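# here you go, sequence then predicted model.
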There are 2 protein chains.
Amino acid sequence: MRLRIVLSRPSHPGNIGAAARAMRTMGLDDLALVAPRHFPDPDATAMAAGGADLLAAARVHSTLEAALAGCVLAAGFTARRRDLSHPAQSLREAAPEIVAAAQSSPVALVFGNETSGLSNEELARCQRLVTIPADPAYSSLNLAAAVQVACYELATSAASFDAPRGGVGSMATHDDLEGLYMHFETVAIASGYLDPEKPGRFMQRLRRLLARTGVEREEVKILRGLLAALEERARR
Amino acid sequence: MRLRIVLSRPSHPGNIGAAARAMRTMGLDDLALVAPRHFPDPDATAMAAGGADLLAAARVHSTLEAALAGCVLAAGFTARRRDLSHPAQSLREAAPEIVAAAQSSPVALVFGNETSGLSNEELARCQRLVTIPADPAYSSLNLAAAVQVACYELATSAASFDAPRGGVGSMATHDDLEGLYMHFETVAIASGYLDPEKPGRFMQRLRRLLARTGVEREEVKILRGLLAALEERARR
């Protein structure tokens, strides 16, 4: 995905570094800065963490125009305000178009100054206005937090990264499960808990519980081990 | 939405403050801290911005167990790792269940220490493991950035806040648009640009362009004003 993050007139170098880190976590590396107040700066470097290389490669421009060179689409990020010049979309609504355009050519995500946001002149250079829906009582996301949210939403929309499945073992097969149910039933009857003449809904409830959970092969082994030990004990 | 953010053993007070700000932007205010290294702290206050009240109201606990009191569900946030004890879901996959549960009773979103994440003991207290999908080459989101993304995803999933529509005027009606097209055609013919005997696809392309854009009533007025001025001029 060819996304360029453009930070226009950022005041705090720590935010530039934190934005670089945010980009790196979402697999992006094209950072452009327009007239940053302080850059390079040790605060930026300190906050970049794993995004340090990307920060070092950032291009600094004197105008937004120059930072947008080569982009087929520019999306300006703006907080809720009454004087929007064009209609704004929510980030989630805007994501499919941005992701589709960014497959072949660079798309810019443009963020304004921490205090004043994007100026009307800057907004006029953007073909889309995008808002991160927020509490109207306090809608001011930190600059790097807004960059993180934008990169997250677009990476998720593009399905850039798999969610890790964690340590999921191989799932139990139908036969594994039937074996487990029968084993439960045998033990429950042997224990006197389950009356085979009047079984009630015990087996049905057990099936429902385990079906809902999703049982791994290894777990079937453990449960049957326990059941076998209980049977053994009851026999003595 | 009754969401509680639980930060377990945070090292950097600045991250606690930034997390409070992130929560505030997404309309949340229930913050619990487990054994924070430094709290209260001026760095936390400085980073909280509009979330200062929420930070002041944060409860400090000595154990995760205590911080989870009253919660019907706890979702532990974890970066990709191979030794996950239970299967993890992506944040987006997990959102509907969390939002549904949080309608009636508190749901905890649990975040671990900046460096070490959640311990196995802490993870064992969580009924769900949730991951923010990230670049496997560098998947370490800043703690407050992870809180911002989580709160954003859940607020968006719950449709907590409308996206601002900005200054969208009332849209042009069918009649407005037909009037505009005819006006264009008249002027184009009068100018000699369009030959009524061989019109080609000019009008078709014009219709396609304006249909794609979505035209407001006010814009129809402006365009027809321009066309009228051009006609007037051509007549002189």
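Perfect, I can see it now.
# stretch A:121-141: which residues count as buried?
Buried positions in stretch A:121-141, judged by neighbour count with 16 or more other C-beta atoms under 10 Å in any protein chain shown: A:122-123, A:125-126, A:128-135, A:138-141. Every C-beta, even on glycine, is put in place using the N, C-alpha and C of the backbone.
# does that stretch come close to chain B?
Yes. Residues of stretch A:121-141 are located near chain B by C-beta under 8 Å from any C-beta of the partner chain, namely A:Leu129, A:Thr131, A:Ile132, A:Pro133, A:Ala134, A:Asp135, A:Pro136, A:Ala137, A:Tyr138, A:Ser139, A:Ser140, A:Leu141.
# and the third one, how far is that from B:Leu141?
Applying C-beta to C-beta, to the nearest Å, the value for A:Ile132 to B:Leu141 is 16 Å.
# just the residues of stretch A:121-141 next to chain B now: which is nearest A:Arg37?
Of all these, A:Arg37 sits closest to A:Ser140, with 18.8 Å by C-beta to C-beta.
# for the closest one, helix, strand, or coil?
coil (DSSP: H, G, I helix; E, B strand; the rest coil).
# what does the pLDDT read for it?
A:Ser140 is assigned a pLDDT of 93 by the prediction.
# and for A:Ala66?
pLDDT at A:Ala66 comes out at 96.
# need phi/psi at it.
The phi/psi pair for A:Ala66 (degrees, to the nearest 10) reads phi -70, psi -40.
# look up how far chain B lies from it.
Applying C-beta to the nearest C-beta, to the nearest Å, the value for A:Ala66 to chain B is 27 Å.
# A:Thr78 now?
8 Å.
# contacts only, for A:Ala32.
Contact analysis of A:Ala32 by C-beta atoms under 8 Å, 6 or more residues apart in numbering or on different chains lists A:Arg4, A:Ile5, A:Val6, A:Leu7, A:Ala58, A:Arg59, A:Val60, A:His61, A:Ala67, A:Ala108.
# closest to chain B among those residues?
A:Ile5 (14.0 Å; C-beta to the nearest C-beta).
# quick check: the closest one is in a strand.
Yes. A:Ile5 forms part of a strand when assessed by three-state DSSP.
# tally up the residues packed near it, please.
Neighbours of A:Ile5 under the rule other C-beta atoms under 10 Å in any protein chain shown: 25.
# beta partners of A:Ala32?
A:Val6, A:Arg59 (DSSP bridges).
# ok so, going back, make TSV out of the residues of stretch A:121-141 next to chain B and add distance to A:Met23.
What follows is the residues of stretch A:121-141 next to chain B, written out as TSV (distance: C-beta to C-beta, whole Å):
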residue	distance to A:Met23
A:Leu129	21
A:Thr131	20
A:Ile132	16
A:Pro133	22
A:Ala134	21
A:Asp135	25
A:Pro136	28
A:Ala137	29
A:Tyr138	25
A:Ser139	23
A:Ser140	21
A:Leu141	16
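# report the two of these separated the most.
For those, and using C-beta to C-beta, no pair is farther apart than A:Leu129 and A:Ala137, which are 21.5 Å apart.
# which strands and helices lie in contact with the lowest-mean-pLDDT helix or strand in chain A?
Lowest on mean pLDDT, DSSP states H and E among the helices and strands of chain A sits helix A:202-213, with a mean of 78. If you count contacts as 3 or more C-beta pairs under 8 Å, 6 or more residues apart in numbering or on different chains; DSSP states H and E, helix A:202-213 packs onto helix A:174-190.
# buried residues of the helix it packs on, list them for me.
Quick answer for helix A:174-190 (16+ other C-beta under 10 Å): A:Asp176, A:Leu177, A:Leu180, A:His183, A:Phe184, A:Glu185, A:Val187, A:Ala188.
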